[in-house]
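Student: Model the following, please.
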Amino acid sequence: MFDEVQIHNKRLIVTGRLVRTARIEQVWYYDVEELERIVEGLRQNSIKVDIFTFWQRLPESTPRYKYRMEWDDIAALPVKSYDYW
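Tutor: So this is what the prediction gives:
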């Protein structure tokens, strides 16, 4: 069971009971832009959230934001064209 929240044109999915976690609905397709506005929108929303998760696209490996982070393993390879693949 989950809740949905719309904040700054992003649809967020909120899961969990004891610890409420929010994430962008299609996190693989959308980047987090204007993070501070999304965090502020979550603070002001009636559905309370404890953790907001998101990821940065490769090849960017230096954290962009000052928030706590954890590394996650991702298997990735560049695909330039079908023939190249």
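
Student: Model confidence for residue 72, exactly?
Tutor: At residue 72, the predicted lDDT confidence score is 83.

Student: try the one 4 residues further on
Tutor: In this prediction, residue 76 carries a pLDDT score of 78.

Student: Show residues contacting the least confident helix or strand in the chain by mean pLDDT.
Tutor: Every helix and strand in the chain was compared by mean pLDDT, DSSP states H and E; the lowest is strand 2-7, with a mean of 86. Residues from elsewhere that reach strand 2-7 (C-beta atoms under 8 Å, 6 or more residues apart in numbering): 11-15, 22, 25, 37-38, 41-42, 45, 47, 49. All C-beta atoms are positioned from the backbone trio N, CA, C, and that covers glycine.

Student: so where's the protein uncertain?
Tutor: 84-85 (pLDDT under 70).

Student: if we can go back for a sec, among the contacts of strand 2-7, which are in helices?
Tutor: Taking DSSP state H, the ones among the contacts of strand 2-7 that sit in helices are 37, 38, 41, 42.

Student: ok, of those, which come out buried?
Tutor: 38, 41, 42 (16 or more other C-beta atoms under 10 Å).

Student: Just the buried ones out of the contacts of strand 2-7, please.
Tutor: Buried among those (16+ other C-beta under 10 Å): 12, 14, 22, 38, 41, 42, 45, 49.

Student: ok, so of the residues you listed, who is nearest residue 32?
Tutor: Among the buried ones among the contacts of strand 2-7, residue 38 lies closest to residue 32 (C-beta to C-beta), at 6.7 Å.

Student: Roughly how far does that closest one sit from residue 9?
Tutor: Applying C-beta to C-beta, to the nearest Å, the value for residue 38 to residue 9 is 10 Å.

Student: Could you do residue 74 as well?
Tutor: From residue 74 to residue 9 the distance is 26 Å (C-beta to C-beta).
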